[in-house]
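Peer 1: Fold the following for me, if possible:
(chains A and B)
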There are 2 protein chains.
Amino acid sequence: MQTPHDIPAQVVQALTQVCGAGPVALHEPRFGGQEWTYLKDCLDSTFVSSVGAYVDRFEADLAKFTGAKHAVAVVNGTAALHVALLLAGVVPGDEVLIPALTFIATANAVRYCGATPHFVDSNMETLGLDPAALREWLKHCSEQRGGVCVNKQTGRPIRALLPMHTLGHPCDLAGLLAVAGEFGLALVEDAAESLGSYYQGRHTGTSGLVGTLSFNGNKTITTGGGGAILTNDTALARRAKHVTTTAKRPHSWAFEHDEVGYNYRMPNINAALGCAQLEQLPGFLQSKRRLYARYLAAFAATPEISLVAEPAGCESNYWLQAILLSEDVAGQRDEVLKATNDAGLMTRPVWTLLHRLTPYLDAPRAPLPIAESLERRLINIPSSAGLA
Amino acid sequence: MQTPHDIPAQVVQALTQVCGAGPVALHEPRFGGQEWTYLKDCLDSTFVSSVGAYVDRFEADLAKFTGAKHAVAVVNGTAALHVALLLAGVVPGDEVLIPALTFIATANAVRYCGATPHFVDSNMETLGLDPAALREWLKHCSEQRGGVCVNKQTGRPIRALLPMHTLGHPCDLAGLLAVAGEFGLALVEDAAESLGSYYQGRHTGTSGLVGTLSFNGNKTITTGGGGAILTNDTALARRAKHVTTTAKRPHSWAFEHDEVGYNYRMPNINAALGCAQLEQLPGFLQSKRRLYARYLAAFAATPEISLVAEPAGCESNYWLQAILLSEDVAGQRDEVLKATNDAGLMTRPVWTLLHRLTPYLDAPRAPLPIAESLERRLINIPSSAGLA
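Peer 2: Here you go, the predicted structure:
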C-alpha cells in the first residue's frame, strides 16, 4: 500500500486502474464511423478543396447539433476566434477581456485584430471567467465614455468579453452576459473545448453574439485541423462566410474582392472527416462521462485530490479530465507530472497563465488569485473516449 | 466555317477540339496514385492532425523536389506568404513591392503584416514583375535613408520585393535579384502557382530569401488546402516552423510560447494527400506540356490569338493555360468569356488588377501599362492535367 501522502504514486495507481498500463495518450481521436466512406467519396468526386458538398453538410450538421442558427466552417479554431472578434467589432487599439487561464490562441486572436488582451480571473467551480470578480474589476478600472467602456489607465476602449469554456466545462454565461450588458461589451464565446457542453440546456457558443469551435486533433471530434463560427445572426453569418473566403463577391468568372479577407475556409476533405466524426459525437460524450465516473471511483480514496466536475446547471462534455491537488500537496505537482509521464501515462499541467508569457508580459490584467491557484494545482489526465 | 473575326466562335471551336464537348472545368485535380492508401494509413494510425509522419515526409519530399534546403508545410498559400514576409523582416508601416497583376492573397499577406502593398508593373513576356520598369520606378520614387529604401512620397520604408510567377511562368529572377540588391530589398518569391517551374534550371521559390507554394484544390497538386515555405536558410526554416506552430517551445508537457505565433501548421491528413500527389507531379507536368502543344495547334489558324508560352531560359509548369487576344480584338474579351462559359467550357479573365479593388484603392503604385494591357486581353482556358 502507498502511504496516504505519496501523491505521485497514488496518481499513477489510479490512472493505471482506469486506463491500464501505459503508454496512454492524453487524448486521441477515434475513427469508427463513416470516415473512410466519406473520404473516398471526396477523392472519387475530385472535390477535396474549397468546393464540395461536405462543407455545406458539416455546417448544417453543426448548426443542427448545437442549435445555432448558422455555423461557418473554417480552417481551425484560432481562425474562428480571429473572425469572431472582427465580427464583434474589435478594431486596432481596442482591449478584449479574456481569461488568463486559457490556451494562447485566445490571446493571439485578439492580437491579430490589432487589439490587446486584458486578463481577468477565473472561478474555482467553473474554471471559467468569474462574473462577480469581473464586475468589481470593471467598476474599478473602467469608465463609460460616450457609450464606450474605456480602460481608465490605458485610455483604450474595452470592446468585447471573450470567455472560454475551460476543458469543456461551461462558465457562468448568465452572469457574464449580465456584466457584458452593464458595461456595453460584445460577448464572444470561445467554445473550442466545449462541443457537446450545455449551459442551462443551451449549447455553449450560442448565447453570445458569436461563438467558436475547434476540431483540432486533440478535441472531442476532429477534422485534422478545423474550427467553426456559430451565430444566430444571419447577417453576421453571411459576413463570416464572406470574410473567410477572401471577401470575393459571387460571380461566375470575375474577381471582385471588396475588403481585406482571409483564406480561412475549411477544405472539403477535412469537412468530410468532420461529418463522420459528428455522427459519433453522442457516443463519444457518453464514453467521456463514463470515464469521469471511473476516475471518480479511482480517486475516491485520495482526499488530497478532487476531480473537476461539471458546474451546477450544466452538462459538460468532459473533454479533458482534470484532477485538482489540494493546497497541502500542490507542491508535488511536478513530481506527479514526472511520475505519470515516466510511467507512460500522459498528463500535463494546465496552461501557463498567459500574462506570464513573453508576448503578454505588458498586457493589462486584473488580480488573478483563482487562476494562479488553479495553475499550481490542476493536472490533465488521459481523456480519450476510447478509454471507457 | 467561321469568319476570321468571329473570335468567340473560334475560341469555342478550338477549346472543343482540344477538350471535347463541355462541361469542362478550368482546373481539376487527379487522384490516381497512393492517395487512398495514405489517407487510410492516417485514419488507422489516428494521426490526422498536428502530429504524424506525413507532414515530415511531405516537407522532405518538397525539399527534394524543389532543391530547397528546407520546406515547411502550412495550412495554405496565404499563410505561407504571411509568414514569409514576417521572416523577411516586414513590420507594420512598411511597404512591399508586389505586382498589380496577381491574386489578392499576395496583397492581403502584406496587410496581415501591417504593411502596405506598393504595386508595380509586369513584363509582357513573363507576365511577372519587370526589372527594368521596377528599377526606373524606384529611382524615381525612392531614396536611401540610413541604408533603408524609403518611398519619398509616403515616407515609409520599402522593405521587400515580392514577385509572383504568374500562371506558372517564371519571372525574370536574375533581373529582380539585381534590383533587390541595388535598393536593399529582401526578395520573397510567391511561387504559389509554379510548383514544377524552373528559372535557368533552378526551381522557382528557391532563389530569394524565402519562397512560398500553394496546394489549393485548383493547383498543379493539391492537399485540399495547403501551402509551404521554402528556404535555404536553416535559421529561417527553424523560425518558420516555430512561428507556424503557435511559437511553443519544445517540452513534454509545459506550455511556453515565446512570441505571438500562428496556428498555421498543415494537418497530417492533408500532408498525406500531398505525398501521394507529389509522387504524380512529373506525370502531371508532362500532361500539361502536351496540353499546351495541343492548344498551340488548335489556335494556330487564329492570328488574333496567341498562347502564353514559357519565357526564354525557363521551364514552366503550364499550371493555367492562357490565351492573349491581340489589341484589335481585345474588345471581344467578355464575349469570348460568355460564349465559352455558355458552352460549358470554363474560362475566366485574369485577376482584376489589385489597385482597382476596394481595399487597395489608396495603395501606392507605379505606372502599370503592361499589367493593364494584360488585364484586358488575357483569358485562362481549361488546364487540367487530365485533358491531355
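
Peer 1: Can you report how many residues lie near the closest residue to A:Arg249 other than its chain neighbours?
Peer 2: Distance criterion C-beta to C-beta, 6 or more residues apart in numbering or on different chains; nearest residue to A:Arg249, sequence neighbours excluded, is A:Glu256 at 4.4 Å. From N, CA and C alone the C-beta is placed, and that goes for glycine too. Look at A:Glu256: counted by other C-beta atoms under 10 Å in any protein chain shown, it has 14 neighbours.

Peer 1: so who does A:Glu256 touch?
Peer 2: A:248-249, B:352, B:357 (C-beta atoms under 8 Å, 6 or more residues apart in numbering or on different chains).

Peer 1: Repeat that for A:Asp190.
Peer 2: By C-beta under 8 Å, 6+ apart, the contact set of A:Asp190 is A:81, A:98, A:102, A:106, A:162-165, A:211-212.

Peer 1: Can you give me the pLDDT of it?
Peer 2: Here the pLDDT value assigned to A:Asp190 is 98.

Peer 1: Torsion angles phi and psi at it?
Peer 2: phi -90, psi 100 (degrees, to the nearest 10).

Peer 1: and it, bridged to which residues?
Peer 2: A:Met164, A:Thr212 (DSSP bridges).

Peer 1: ok, back up a step: quick one: least confident of the contacts of A:Glu256?
Peer 2: The minimum pLDDT among the contacts of A:Glu256 falls on A:Arg249, with 88.

Peer 1: give the contact list for the residue of the stretch 201-350 of chain A found nearest chain B.
Peer 2: Going by C-beta to the nearest C-beta, chain B is nearest to A:Gly217 of the stretch 201-350 of chain A, at 2.2 Å. A:Gly217 makes contact with A:29, A:224-225, B:47-51, B:267-268 under the criterion C-beta under 8 Å, 6+ apart.

Peer 1: quick one: the strands in the stretch 1-150 of chain A?
Peer 2: Per DSSP state E, counting those that start in this stretch, the stretch 1-150 of chain A carries strands over the ranges A:70-74, A:95-99, A:116-120, A:142-145, A:148-151.

Peer 1: Pipe these into a markdown table and attach distance to B:Ala9 per row.
Peer 2: Below are the strands of the stretch 1-150 of chain A laid out as a markdown table (distance: least, C-beta to C-beta, whole Å):
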| stretch | distance to B:Ala9 |
| --- | --- |
| strand A:70-74 | 42 |
| strand A:95-99 | 58 |
| strand A:116-120 | 61 |
| strand A:142-145 | 66 |
| strand A:148-151 | 62 |
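
Peer 1: and these as TSV, adding mean neighbour count, mean pLDDT and distance to chain B?
Peer 2: Below are the strands of the stretch 1-150 of chain A laid out as TSV (neighbours: other C-beta atoms under 10 Å in any protein chain shown; pLDDT from 0 to 100; distance: least, C-beta to the nearest C-beta, whole Å):
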stretch	mean neighbour count	mean pLDDT	distance to chain B
strand A:70-74	28	98	11
strand A:95-99	27	98	14
strand A:116-120	25	98	10
strand A:142-145	14	98	25
strand A:148-151	18	98	20
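
Peer 1: closest to B:Ile7 out of the ones you listed?
Peer 2: Nearest of the strands of the stretch 1-150 of chain A to B:Ile7, taken as C-beta to C-beta: strand A:70-74 at 41.6 Å.

Peer 1: Which neighbouring elements make contact with that closest one?
Peer 2: The contact analysis (3 or more C-beta pairs under 8 Å, 6 or more residues apart in numbering or on different chains; DSSP states H and E) places strand A:70-74 against helix A:53-66, strand A:227-231, helix A:234-244.

Peer 1: Mean neighbour count, those: which tops it?
Peer 2: By mean neighbour count, with neighbours taken as mean count of other C-beta atoms under 10 Å in any protein chain shown, strand A:227-231 ranks first of these at a mean of 30.

Peer 1: ok, it: who's next to it in the sheet?
Peer 2: According to DSSP bridges, strand A:227-231 has these partners: strand A:70-74 (antiparallel), strand A:210-214 (antiparallel).

Peer 1: Restricting to C-alpha, output the first one in PDB.
Peer 2: Output in PDB follows, covering the C-alpha atoms of strand A:70-74 (Å, rounded to 0.1, in the frame of the first residue of the first chain):
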ATOM      1  CA  HIS A  70     -25.700  29.200 -38.500                       C
ATOM      2  CA  ALA A  71     -22.300  27.500 -38.500                       C
ATOM      3  CA  VAL A  72     -19.400  28.600 -40.700                       C
ATOM      4  CA  ALA A  73     -16.600  26.000 -41.000                       C
ATOM      5  CA  VAL A  74     -13.100  27.400 -41.000                       C
END
